[in-house]
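[1] Any chance you could fold what I've pasted below:
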Amino acid sequence: MRLFLVAGEPSGDRLGAALMAGIKALTLGPVEFHGIGGPMMQAEGLTTLFPMQELSVMGLTEILANYRRLSRRVADTAEAVLAMAPDALITIDIPEFSLRVAARVKARAPGLRTIHYVAPTVWAWRPGRALKMAKSIDHVLALLPFEPPYMEAAGMSCDFVGHPVVTEPQATEAEVAAFRATHAPDGGPLILALPGSRRAEIERLMPVFGAALHQVMSHHPDARIILPAAPAVAAQVAARVADWPGRAVVLDPRGVPPEEFAAQKRAAFGAANVALAASGTVSLELAATDTPMVIAYTMSWLSRKLIGALLRVDTVTLVNLVTDSRTIPEFLGENCRPAPIAAALSRLMDDERARLDQLDAMALAMRRLGRGGEAPWLRAARSVLGHIAPD
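    Presented below is the predicted three-dimensional model:
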């Protein structure tokens, strides 16, 4: 069996590597993996066409600035797929790149099986993407349980395979206790601040987060703030946090072995009493560690207007969506202001009922995302193999 996989970001590299491990575990004969991937996929045996980092372009302006280079890489990748004629092309997220590759391949080899891992958020905005995607994708692996009907309605087969967050390692009790002894030796509450991993997010959210936490600290002077920084924005975070209250501690990944920093971050998530976080997958990471949270996010004025006009849901927090509840408070766009954010955080710190309601919702979200069942990477591998060789 020969498979061609395309991933373009670290999250896709993790998904791809786990999928490859699952396929190897379920397949009796040899499997060849070719395509584009990072160090984790290469460790599982992928021969990469070019460095995955070339595809890690985020944001409209960045894509436009790199349009010619990315277009050339789309053509190169499609030609490599066609020359190899694999049993399947498996694209992993990065739809701006991967679906263009799939479209080129399908146009010239309509019988080649195409699989896309991570369904696009057509339930949130731009539903027409599913119909466009169905022209070049046969089968979809969905992370969220409510996504298959959207894909199937557009003409693709789709399996819910579970979200990888349900099997990610968590800090031990000893690691949590050690973290609290270091950062909250007087027993005060720990507040986790997670303003994002992109430069634009840091610039927009850190002033708002800092002002909100100033208000919270006026009522909880014994609280301590912990801020795990993403590698790409660590220096920016360290500079921005200087005027934050409560001697905020930045967990800085620079110069720290990745495994050690990952352990620090896990311990911080496990030790925190509450969290203030940007919108995104981080809400599921917090739910996996039973950390009550408040979500806040904003964008440029133009982006708010454009996306606001297209948005089809009244919440963007994944815990709320998966549980069909509105338990997690969120402050988006014009509502992303210090005073209401501070009030919501203070309520979580003071109101046991509010915390218990969130814990119930987070536990339900984890069950619906696959916790307690077969590991998502194995379910994904079964789905791929079942689509390639349904007999």
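[2] On the pLDDT front, check the residue nearest in space to the middle of the chain for me.
    Nearest residue to the geometric centre of the chain (C-alpha atoms, centre = their mean): Thr281, 4.0 Å. pLDDT, Thr281: 87.
[3] go on, Leu348?
    If you check Leu348, the pLDDT there is 96.
[4] Ok, Trp125 next?
    We have a pLDDT of 69 for Trp125.
[5] Next: Leu310.
    64.
[6] on contacts alone, who are the packing partners of the longest helix seen in the chain?
    For the chain, the helix that runs over the most residues, judged by DSSP state H, is helix 199-219. Judged by 3 or more C-beta pairs under 8 Å, 6 or more residues apart in numbering; DSSP states H and E, the packing partners of helix 199-219 are strand 190-194, helix 234-240, strand 274-277, strand 293-297, helix 338-350. Where you see a C-beta, it was placed from the backbone N, CA and C, and this is true even at glycine.
[7] Export the ones you listed to CSV and append columns for mean neighbour count.
    Output for those, formatted as CSV (neighbours: other C-beta atoms under 10 Å):
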stretch, mean neighbour count
strand 190-194, 24
helix 234-240, 16
strand 274-277, 26
strand 293-297, 25
helix 338-350, 19
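[8] Including distance to Glu79, could the ones you listed go into CSV?
    Formatted as CSV, these follow (distance: least, C-beta to C-beta, whole Å):
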stretch, distance to Glu79
strand 190-194, 41
helix 234-240, 38
strand 274-277, 42
strand 293-297, 39
helix 338-350, 50
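[9] nearest to Ala80, of those?
    Of all the helices and strands packed on helix 199-219, helix 234-240 sits nearest to Ala80, with 35.4 Å by C-beta to C-beta.
[10] thinking again about what came up before, which of the helices and strands packed on helix 199-219 has the lowest mean pLDDT?
    Across these, the lowest-scoring stretch is helix 234-240, with a mean of 92.
[11] following it, which helix or strand comes up?
    strand 249-251 (DSSP states H and E).
[12] For the following helix or strand past that next one, give me every contacting residue.
    Next in sequence after strand 249-251, counting helices and strands by DSSP H and E, comes helix 258-271. Helix 258-271 is contacted by residues 169-171, 175-176, 178-180, 183-184, 190, 192, 226, 228, 251, 253, 256, 275, 285-286, 289, 291 when judged by C-beta atoms under 8 Å, 6 or more residues apart in numbering.
[13] which ones among the residues you listed are found in strands?
    If you go by DSSP state E, the contacts of helix 258-271 have 190, 192, 226, 228, 251, 275 in strands.
[14] Now do the longest helix of the chain and strand 190-194, the angle between them.
    In terms of direction (axes from the mean of the first three to the mean of the last three C-alpha atoms, to 10 degrees), helix 199-219 departs from strand 190-194 by 160 degrees.
[15] what about helix 199-219, average pLDDT?
    Averaging pLDDT along helix 199-219 yields 93.
[16] Mean pLDDT per element in the chain, and the minimum belongs to which helix or strand?
    Within the chain, no helix or strand scores below helix 60-65, which has a mean of 57 by mean pLDDT, DSSP states H and E.
[17] pretty sure Glu168 contacts Ala287?
    No. Glu168 is not in contact with Ala287 according to C-beta atoms under 8 Å; the separation is 11.4 Å.
[18] Of those two, give the one with the bigger neighbour count.
    Ala287 (28 against 14; other C-beta atoms under 10 Å).
[19] related to what we said a few turns ago, kindly reformat the ones in strands among the contacts of helix 258-271 as CSV and extend each row with distance to Met156.
    Shown next, in CSV, are the ones in strands among the contacts of helix 258-271 (distance: C-beta to C-beta, whole Å):
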residue, distance to Met156
Leu190, 44
Leu192, 38
Ile226, 42
Pro228, 37
Leu251, 41
Ala275, 36
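[20] Just flag the most distant two among these.
    Leu251 and Ala275 (13.6 Å).
[21] where are the low-confidence patches of the stretch 51-200 of the chain?
    In the predicted model of the stretch 51-200 of the chain, residues 56-66, 124-125 satisfy pLDDT under 70.
[22] Which among the contacts of helix 258-271 count as buried?
    Applying a neighbour-count criterion of 16 or more other C-beta atoms under 10 Å, the buried members of the contacts of helix 258-271 are 171, 175-176, 179-180, 183-184, 190, 192, 226, 228, 251, 253, 275, 285-286, 289, 291.
[23] Is it correct that Tyr297 is in contact with Leu205?
    Yes. Using C-beta under 8 Å, Tyr297 is in contact with Leu205, at 7.1 Å.
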